[in-house]
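S.K.: Sequence and predicted structure, then a few things I'm wondering about:
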Amino acid sequence: MDVTEFEDLIDRLGEDLSRWPDDQRLPAEELLACSAAAQSLLEEARTLRSALEAPPVRAPAGLADRIAAAAKKLNSDAAEPRTEGETAGS
């Protein structure tokens, strides 16, 4: 087994090698024993799985309303006529 095949198997079978069929798991374990690239791929897959299983990040209450209000204010500020030399912040 080479690293490319190992990566394909991780994508198809997951990062838990104990769930792989023996005829694929045993060569994968041999590859892991001698390949830093394979070890890195497995670690990345485990890290990704852990991140995907983490609880979702929630935005603070009212964030969408504050964003909409700020956008509306920016839009209305941009629509106000300015005298020569005046900027939006003046």
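M.R.: Everything's here; your move. Numbering: from 1, shown residues only.
S.K.: since we're on Glu5, how many residues are nearby?
M.R.: 14 (other C-beta atoms under 10 Å). C-beta: built from backbone N, CA, C; applies to glycine.
S.K.: roughly how far apart are it and Ser35?
M.R.: Applying C-beta to C-beta, to the nearest Å, the value for Glu5 to Ser35 is 12 Å.
S.K.: Next, the buried residues of the strand or helix carrying Glu5.
M.R.: Secondary structure from DSSP states H and E places Glu5 in helix 3-13. Within helix 3-13, the residues that count as buried by 16 or more other C-beta atoms under 10 Å are Phe6, Glu7, Leu9, Ile10.
S.K.: For it, give the mean pLDDT please.
M.R.: Mean per-residue pLDDT for helix 3-13: 97.
S.K.: okay, the buried residues of helix 3-13 in CSV with distance to Lys73 next?
M.R.: Compiled in CSV, the buried residues of helix 3-13 are given as follows (distance: C-beta to C-beta, whole Å):
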residue, distance to Lys73
Phe6, 54
Glu7, 49
Leu9, 53
Ile10, 49
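S.K.: could you say what helices and strands the helix or strand harbouring Ala70 packs with?
M.R.: For Ala70, the element it lies in under DSSP H and E is helix 63-79. Applying 3 or more C-beta pairs under 8 Å, 6 or more residues apart in numbering; DSSP states H and E, one finds that helix 63-79 makes contact with no other helix or strand.
S.K.: next one: it to chain centre, how far?
M.R.: Helix 63-79 sits 29 Å away from the centroid of its parent chain (C-alpha atoms, centre = their mean, to the nearest Å).
S.K.: and if you look at stretch 29-37?
M.R.: 26 Å.
S.K.: Stretch 54-65 now?
M.R.: The answer for stretch 54-65 is 17 Å, by C-alpha atoms, centre = their mean.
S.K.: What of stretch 2-10?
M.R.: Relative to its chain's centre, stretch 2-10 lies at 21 Å (C-alpha atoms, centre = their mean).
S.K.: 6 is where my numbering starts, stick with that
M.R.: Okay, residue one is now 6; in that scheme the one you just asked about reads as stretch 7-15.
S.K.: Extract the CA atoms of it and return them as PDB.
M.R.: The C-alpha coordinates for stretch 7-15 follow below in PDB (Å, rounded to 0.1, in the frame of the first residue of the first chain):
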ATOM      1  CA  ASP A   7       1.300   3.500  -0.800                       C
ATOM      2  CA  VAL A   8       0.300   6.800   0.700                       C
ATOM      3  CA  THR A   9      -2.100   7.700  -2.100                       C
ATOM      4  CA  GLU A  10      -4.000   4.500  -1.700                       C
ATOM      5  CA  PHE A  11      -4.000   5.000   2.100                       C
ATOM      6  CA  GLU A  12      -5.400   8.500   1.700                       C
ATOM      7  CA  ASP A  13      -8.200   7.200  -0.600                       C
ATOM      8  CA  LEU A  14      -9.100   4.500   2.000                       C
ATOM      9  CA  ILE A  15      -9.300   7.100   4.800                       C
END
